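Engineer: Just to be clear, the model below is a prediction. Sequence and coordinates:
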Amino acid sequence: MVEQKDKIIFPEDAPVEYREDIKGWVYDGHYYGKDERAARWAGSTHSRCVACGEAAVKCYTLCPCCSEKRHKDRYAKMPSRRLTQADEMVYSHTHDEWIPTEDIDEYCELHGCSEKDLMLETTKPVMWSDVIFNSIEDVCRQDWPEDVEPPADIEKAFDELTKVVNACRDHPAWWTHGGESVEPLDEDD
């Protein structure tokens with residue numbers, strides 16, 4: 001393979017060649033037929049940012065600066081509110097982490113940042129009661145032939161699992177984005 005480490009190579013600069021003997025575009029020994037664009041894409045490391053024209057890793061349409069700006073703009077447009085005691089978890093857009101609300105101050109201290117730096121978003125719990133299944137058939141039956149019954153041991157284990165899940169119905173199974181930015185507390189609060 002052609003060595004391209006630490007180089008920025010745009011598709012228009014990719015080291016491809018058109019070979020007359022095989023009537024097609026070639027990059028690194030791979031034949032792309034009449035598809036010059038595919039050969040150049042294969043030979044590139046970066047593309048042009050659609051917003052500013054600077055280098056963007058070729059799988060992305062935006063460079064890191066424009067991507068960060070877009071992310072901050074989207075966050076700024078979210079409706080916002082203060083946290084309440086009902087809020088148990090928040091999501092940090094800058095750190096890509098879910099943080100229990102009771103741990104925000106400790107998290108900021110540990111990471112040397114302020115609450116505002118975290119770009120926090122409210123979250124919504126997905127409760128075990130929302131994870132609906134009542135029998136092994138609800139989970140697996142679609143893949144089984146109609147005339148096949150699960151072994152008794154599996155049905156018994158599934159019944160036990162169902163009892164455990166039912167006992168946890170008032171606890172969050174996981175969290176999803178809440179769609180509201182968190183108004184940071186003022187230092188005086």
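Structural biologist: Structure received.

Engineer: pull the longest helix from this structure.
Structural biologist: helix 152-167 (DSSP state H).

Engineer: Helix, strand, or coil at residue 74?
Structural biologist: Secondary structure assignment for residue 74 (DSSP: H, G, I helix; E, B strand; the rest coil): helix.

Engineer: any idea how far it is from residue 121?
Structural biologist: When distance is defined by Cβ to Cβ, to the nearest Å, residue 74 is 11 Å away from residue 121. In this view, the C-beta of every residue, glycine as well, is placed from N, C-alpha and C.

Engineer: quick one, which of these two is more surrounded?
Structural biologist: Each of residue 74 and residue 121 had its neighbours counted (other Cβ atoms under 10 Å), and the higher figure belongs to residue 121 (19 against 11).

Engineer: most centrally placed residue in this structure?
Structural biologist: Computing the C-alpha centroid of the chain and ranking residues by Cα atoms, centre = their mean puts residue 96 first, at 9.0 Å.

Engineer: Would you point out the helix or strand in the protein whose mean pLDDT is lowest?
Structural biologist: helix 136-140 (a mean of 60; mean pLDDT, DSSP states H and E).

Engineer: in the protein, what spans have low per-residue confidence?
Structural biologist: Within the chain, the ranges that satisfy pLDDT under 70 run 1-5, 129-144, 185-189.

Engineer: now the longest strand anywhere in it, how far from the centre of its chain.
Structural biologist: Of all the segments assigned as strand in the chain under DSSP state E, the longest by residue count is strand 172-182. Here strand 172-182 shows a centroid-to-chain-centroid distance of 14 Å under the convention Cα atoms, centre = their mean, to the nearest Å.
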